[in-house]
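Asker: Please find the sequence and the predicted model below.
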Amino acid sequence: MLAPERQLQILTLLEERGTVRTIDLAEEFQVTDETIRRDLQVLAENHQLKRIHGGASSLNGRPKLQSFTERRLLEVDKKEAIATAALHLIQPGNTYAFDSSTTGFALVNRLPDLPFRVLTNAYAVLDQLVSKEKIELISTGGTYHPKTQTFISGDSYSVLRRHNINCAFVSCIGLDLHRGPSEGFEQQAVFKEILLQFAQRVVLLVDSTKFNQHSEYFFASLHDISEIITDNAAHPEFVEDLRTRGCSVTIAESI
């Protein structure tokens, strides 16, 4: 890969993640740390990113808020593997909550038509499950946000409080070892924060590209998460650090 092509891809990753680390980019592009440092220097001199210790950030330090449609096209194989690994957690008679993450939606696509209840603030989840005759489908309501395809605010928090949620499936834009999972959309972060308060079990479905990343709004600590399911490209050291902090981590095998 030529340097200009690699630098363009680095800018794309910055737009998605907000920050990147030199060591991670070197591994991702299969080049040396020094090569990545030169790339970052060129981009910084062209005022396309900001150098920080150990890597770089976008000029405002934040990832771009991507639409649901854009997010569905990212890391598809990883999301499919995670969804397959999570499917065994679905049992008849229980109540499950889903956020508007595309990783969670990969699991929704696999749900069997069995008698259980689903709560969600995601239009895509409602649209996918509306034809299932045995699933009791509940929208948390609120005002529709077209870009993220979510319903926000309104009575959604009251709806969450009224139900006995056996398990909540959520995802995030970034997972930080010290501060936990984060979101780039404040209203969605607030929804997840409240959802986690009422769920007996919380499963974080997160692909490995989001490890050691963070976004604008943190919505939980690692202690709030019952289980993390990720893909087999996850860096072993990061997984071990999570487990050292008391996290249960399941590695999904690629399908």
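Answerer: Nice, I can see it.
Asker: Sketch out the helices for the stretch 101-250 of the chain, chain order is fine.
Answerer: Under the criterion DSSP state H, counting those that start in this stretch, the stretch 101-250 of the chain contains helices at 102-108, 123-129, 156-162, 186-198, 236-244.
Asker: Go through the second one and flag the buried ones.
Answerer: What it means is helix 123-129. Tyr123, Ala124, Val125, Leu126, Gln128, Leu129 (16 or more other CB atoms under 10 Å). C-beta: built from backbone N, CA, C; applies to glycine.
Asker: Not counting its own residues, what contacts the lengthiest helix in the chain?
Answerer: In the chain, assigned by DSSP state H, the helix with the most residues is helix 3-17. Helix 3-17 has contacts (CB atoms under 8 Å, 6 or more residues apart in numbering) with 20, 25, 28-29, 31, 36, 38-40, 42-43, 48-49, 56-58, 63-64, 66, 74, 173-174, 209-210, 213.
Asker: again, 7 Å this time
Answerer: With CB atoms under 7 Å, 6 or more residues apart in numbering as the test, helix 3-17 has contacts from 20, 25, 29, 39, 42-43, 48-49, 56, 58, 63-64, 174, 213.
Asker: Can I get it in PDB, CA atoms only?
Answerer: C-alpha atoms of helix 3-17 as PDB (Å, rounded to 0.1, in the frame of the first residue of the first chain):
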ATOM      1  CA  ALA A   3       1.700   6.100   1.700                       C
ATOM      2  CA  PRO A   4      -1.000   8.400   0.300                       C
ATOM      3  CA  GLU A   5      -3.500   5.500   0.300                       C
ATOM      4  CA  ARG A   6      -2.600   4.500   3.800                       C
ATOM      5  CA  GLN A   7      -2.800   8.200   5.000                       C
ATOM      6  CA  LEU A   8      -6.300   8.400   3.500                       C
ATOM      7  CA  GLN A   9      -7.300   5.300   5.400                       C
ATOM      8  CA  ILE A  10      -5.900   6.800   8.600                       C
ATOM      9  CA  LEU A  11      -8.100   9.800   8.200                       C
ATOM     10  CA  THR A  12     -11.100   7.600   7.700                       C
ATOM     11  CA  LEU A  13     -10.300   5.700  10.900                       C
ATOM     12  CA  LEU A  14      -9.900   9.000  12.700                       C
ATOM     13  CA  GLU A  15     -13.300  10.100  11.500                       C
ATOM     14  CA  GLU A  16     -14.800   6.900  12.800                       C
ATOM     15  CA  ARG A  17     -13.000   6.800  16.100                       C
END
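Asker: pLDDT of that helix, averaged?
Answerer: On average, the pLDDT along helix 3-17 is 83.
Asker: Next: stretch 138-153.
Answerer: For stretch 138-153, the per-residue pLDDT averages 86.
Asker: what does stretch 224-233 give?
Answerer: Mean predicted confidence for stretch 224-233 is 96.
Asker: any idea how far it is from the chain center?
Answerer: A distance of 11 Å separates the centroid of the chain from that of stretch 224-233, by CA atoms, centre = their mean, to the nearest Å.
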